[in-house]
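J.: Sequence below, structure please.
(one chain, ligands or ions: 1)
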Amino acid sequence: MSRFFARSFEDYKSLYQESTNTPETFWGEFAKESFSWIKPWDSVLEHDLKKPQVSWFAGAQLNITENCIDRHLEKDGNKTAIIFEPNAVDEKAKYITYAELSVAVNKTANLLKSLGVKKGDRICLYMPMVPELAYAVLACARIGAIHSVVFAGFSAKSLADRINDAACKLVLTADGGYRGSKITPLKAITDDALTQCPTIEHVVVLKRTNQKVSMLEGRDIWWHDLYDQQSGNCPVEVMDAEDPLFILYTSGSTGQPKGMVHTCAGYMVYTNFSFRNVFQYQPNDVYWCTADIGWITGHSYIVYGPLSAGATTVMFEGVPSYPDMGRFWQVVEKHKVNILYTAPTAIRALAKCDLSLVTQHDLSSLKTLGTVGEPINKEAWEWYDQNIGKSQCPIVDTWWQTETGGILISPLSGITETIPTFATLPLPGVQPCLMDDNGNEIDEQNAEGKLCIKFPWPSMARTIYGNHKRFKETYYSAFPGLYFTGDGAKRDQNGNYRITGRVDDVVIVSGHNLGTAEIENIIDEHEAVTEAAVVGYPHDIKGNSIYAFVTLSDAHQTKDAKALEQNIKQLVSNTLGPISKPEIIQFCSGLPKTRSGKIMRRILRKVAANELDAFGDISTLLNPECVQEIVDNRKNEMR
Ligand code: WTA
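T.: Prediction:
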C-alpha cells in the first residue's frame, strides 16, 4: 500500500507536514509511483501567484485516459468500471467493465476523429447522464480535444453562450434526456441554440428517448451511424502536462459565466490523490457520486478520480424523487453501494419524507457518506448520520470548487474526527488561511475571515478561457499572492474549518452556483422592468432560494402585478433554465443605492432573510426612504 494514503490520523499529520515542508518532493514522488507517464517532468512546480502563473510537472508527457483505462486492463480488464443505473426502475442496469470501457472510448475517439477533430479543438457535450457521456469525455481526452460539458438542464441561451465563448467545433447531444417523469428535448434545445453559433460544424445525436427530432442535412449525424463503423483501437495523443484537458463554466458575479480551464497532469494527480484519501476507497468498493457530469463534482469524482484509481463508479441517470423519494436508497441496496457522495439539498429534501422510504431498504453495505456543494446544516447532517449511516459511517463534508478541481478541505473517512457543519482540515498539499478586511492574515486559530489558499496545489484552475485578466481580477487581486475562494469561513481552536458561505454575488441554490448578475440581466430585459436586484435567502430544502426586487417603468405600474410576476419568472426560466427562476418577486418603487449608484444588496439580503432589525447604517444611502417601503411590502414564499 502506498505511503501516500493515510491510514491513521498520525499518517495524515505526517503527510501534511511533508507536503508543506517539501511540496515538490512530496508531489513528485506521489506522481512518479502512482501513474504512467510517457515522459517524466523537468520540474515539479513553477509558480508566481501574483501573475498568476502556475505549472505542475512541466516537461512531462502523458495521456490521462491511459491512466484511467489502459493501465488497468491487464489486471482488471474484467472489473466493472461503470455501473449505469437508468432513470426508469424497470430498465436494466448496465455493468461496463474496464475492457468494455476501453473499446467504447476508443470507438468514440475514432468517431470524433472521423469528423476532423484534432488536439486543441473544443467539443461541447450537452448530454443526459448515460454511459456515452462518460465515453465522450474520455474520448476527447484521448485525442487531446478539450471538452466543455454543459449541464443538460441549461437553456438554449446558456448553451449558445458557452459554445460561443469557447468557439466549439462540435456538439454531442441526444434526441432527449430522461429526468424522472419528464423528457428534456435536448436536440430541439440544441437546434435553438445553434441559430446563434457560427463555429459549430456538426451535431452528433445519440438516440436515447426515441422521440422525433429534426436533423439538418450535412450538419447533423446520428451517433450510431458513425460509432458502429469505428475501430476499437485509437492510439493516445501525447499530451504535455500543462495542455488543457477541459473547460467547465461556472457562474460569476458579472453576467458572463467563466470558463475555468483545467490542465492534464496536475488535475489527474490531485483528483486521484484526493479521491483515495478522502473516501478511503478499497479495491472492491462500489462508489456512487450522485452528481451530474455537467458539474465539476461529476468530472472529478464520477469520471477522472475514480477511474484513475481503478474503482467501480455508479452513474445514475435519474433524480432522487423518481419513481418515489426512496430511489436513492433503492439504488444503494440494489448495487450494494459502499460509498455514497451526495449534496445537502438532496439530503434535506429526503429527510422531509416518511422514514419508511429509507427503512424498507437494506443500507448495510454503506461504509462512508459524503456531502458537497454547500454548507450542510446540523439537522440534515444528523439525519444523514443516523438514518442513512446508522451512526456507523463517517460523513466527509468536502469543501471545494469548480476552480479548485478537487476536494481541498475535508475529513478523511474514518481518520479525521468529524464535527457536524465543519469541513474540518485541509488535505495534504493544501494551505488555507483566513484574511481580514484589511488584507491581513489572521494568525489566531479561533477566528473568522475570508478563505484563501496560500500555496499552489496540482488541480488548481490555470485560467479563465480567453480571459486571463478576469481570472487574475477575480481570484488573485483581492489578496495579492493568494488564491481568494470567494467564501467566508470560521476556524476553531484546533484548526478545523467551517465554511460560512459566499461573500460575493453568487447564490448557491440546490447546490448550483447562480450568478445574481446573470439573473438580473434577464429580468432587466423585460419591457416592464426598470431595474432588478437579485439576492439569495435561506430556504429549508434548497439551501438558498432567489428573491428578486424589481422596479417597474411608469407605464407598467398599474398593470396586473400577479400576471407580470409570473411573466418575469417565466422569462428567467426560459432564458437561463428553471433552476434560476426567482422564488419571490417583490415590486418596489426604488432600490436602495449608495451615492456612487451601487445597489446596496446587503440591505436587500437582510430583508429577504427577514432580518429586519439589523441594517446597520443606512444614512449614507442616496435614497434611504425606499427601505421602509421595501420592508413593509416584504413577501414570504408560498408554501
Ligand atoms: C460551496 C462544487 C460549504 C462554496 C464542488 C464553494 C461548500 C462553492 C461546500 C463551489 C461544503 C462547496 N461546505 N460550502 N462542503 N462545498 N461549497 O464550483 O461556497 O459548484 O465556493 O463546486 O460551493 O461550488 P462549485
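J.: Next SSE downstream of the host helix or strand of Asn544?
T.: According to DSSP states H and E, Asn544 maps onto strand 543-552. Later in the chain than strand 543-552, the nearest helix or strand by DSSP H and E is helix 561-576.
J.: The helix or strand that that following helix is followed by packs against which elements?
T.: Next helix or strand after helix 561-576 toward the C-terminus (DSSP H and E): strand 584-588. Counting contacts by 3 or more C-beta pairs under 8 Å, 6 or more residues apart in numbering; DSSP states H and E, strand 584-588 packs against strand 543-552, helix 561-576, helix 625-632. For every residue, glycine as well, the C-beta is placed using N, CA and C.
J.: Point out the one among those that comes closest to the ligand.
T.: strand 543-552 (9.2 Å; C-beta to the nearest ligand atom).
J.: Just give me how far stretch 34-45 sits from the chain centre.
T.: Distance of stretch 34-45 from the chain centroid (C-alpha atoms, centre = their mean, to the nearest Å) equals 28 Å.
J.: And stretch 609-622, by the same measure?
T.: With C-alpha atoms, centre = their mean, you get 34 Å for stretch 609-622.
J.: Start and end of that stretch, how far apart?
T.: 23 Å (C-alpha to C-alpha, to the nearest Å).
J.: thinking again about what came up before, so what strands line up beside the strand holding Asn544?
T.: As defined by DSSP bridges, the strand partners of strand 543-552 come to strand 529-539 (antiparallel), strand 584-588 (parallel).
J.: now the helix or strand just after the shortest one: how far from the chain's centre is it?
T.: Tracing the chain C-terminally past strand 584-588 and defining elements by DSSP H and E, one meets helix 601-608 next. Computed by C-alpha atoms, centre = their mean, the separation of helix 601-608 from the middle of its chain amounts to 27 Å.
J.: same thing with stretch 496-507?
T.: The answer for stretch 496-507 is 15 Å, by C-alpha atoms, centre = their mean.
J.: and what of stretch 223-241?
T.: For stretch 223-241, the distance to the chain centre is 27 Å (C-alpha atoms, centre = their mean).
J.: in what helix or strand does Tyr12 lie?
T.: helix 9-21.
J.: Next, the buried residues of that helix.
T.: For helix 9-21, a neighbour-count test (16 or more other C-beta atoms under 10 Å) marks Asp11, Tyr12, Leu15, Tyr16, Glu18, Ser19, Thr20 as buried.
J.: With stretch 461-471 instead?
T.: So, applying 16+ other C-beta under 10 Å, buried residues of stretch 461-471: Ala461, Arg462, Thr463, Ile464, Tyr465, Phe471.
J.: got it, and stretch 562-582?
T.: For stretch 562-582, by 16+ other C-beta under 10 Å, it's 564-565, 568-569, 571-573, 575-577, 579-582.
J.: ok, back up a step: the helix or strand following the helix holding Tyr12 relative to helix 9-21, how many degrees between them?
T.: Sequence-wise, the next helix or strand downstream of helix 9-21 (DSSP H and E) is helix 23-34. Helix 23-34 and helix 9-21 are oriented at 120 degrees to each other (axes from the mean of the first three to the mean of the last three C-alpha atoms, to 10 degrees).
J.: near the ligand, which residues of the stretch 501-639 of the chain show up?
T.: Arg502, Ile508, Asn513 (C-beta under 6 Å from any ligand atom).
J.: Inside strands: which ones of the residues you listed?
T.: Arg502, Ile508, Asn513 (DSSP state E).
J.: Dig out what the second one forms beta bridges with.
T.: Each beta-bridge partner of Ile508 is listed here, defined by DSSP bridges: Asn513.
J.: Okay, now the unreliable bits of this protein?
T.: The chain contains residues with pLDDT under 70 at 253-255, 558, 596-598, 638-639.
J.: ok, back up a step: would you format the strands paired with strand 543-552 as a markdown table with distance to Asn387 and mean neighbour count included?
T.: As requested, these are exported to a markdown table (distance: least, C-beta to C-beta, whole Å; neighbours: other C-beta atoms under 10 Å):
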| stretch | distance to Asn387 | mean neighbour count |
| --- | --- | --- |
| strand 529-539 | 22 | 21 |
| strand 584-588 | 31 | 19 |
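J.: Could I get these in TSV, plus columns for distance to Gly449?
T.: Below are these laid out as TSV (distance: least, C-beta to C-beta, whole Å):
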stretch	distance to Gly449
strand 529-539	21
strand 584-588	31
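J.: re earlier: ok, of the ones in strands among the residues of the stretch 501-639 of the chain next to the ligand, which one's closest to Glu611?
T.: Arg502 (17.0 Å; C-beta to C-beta).
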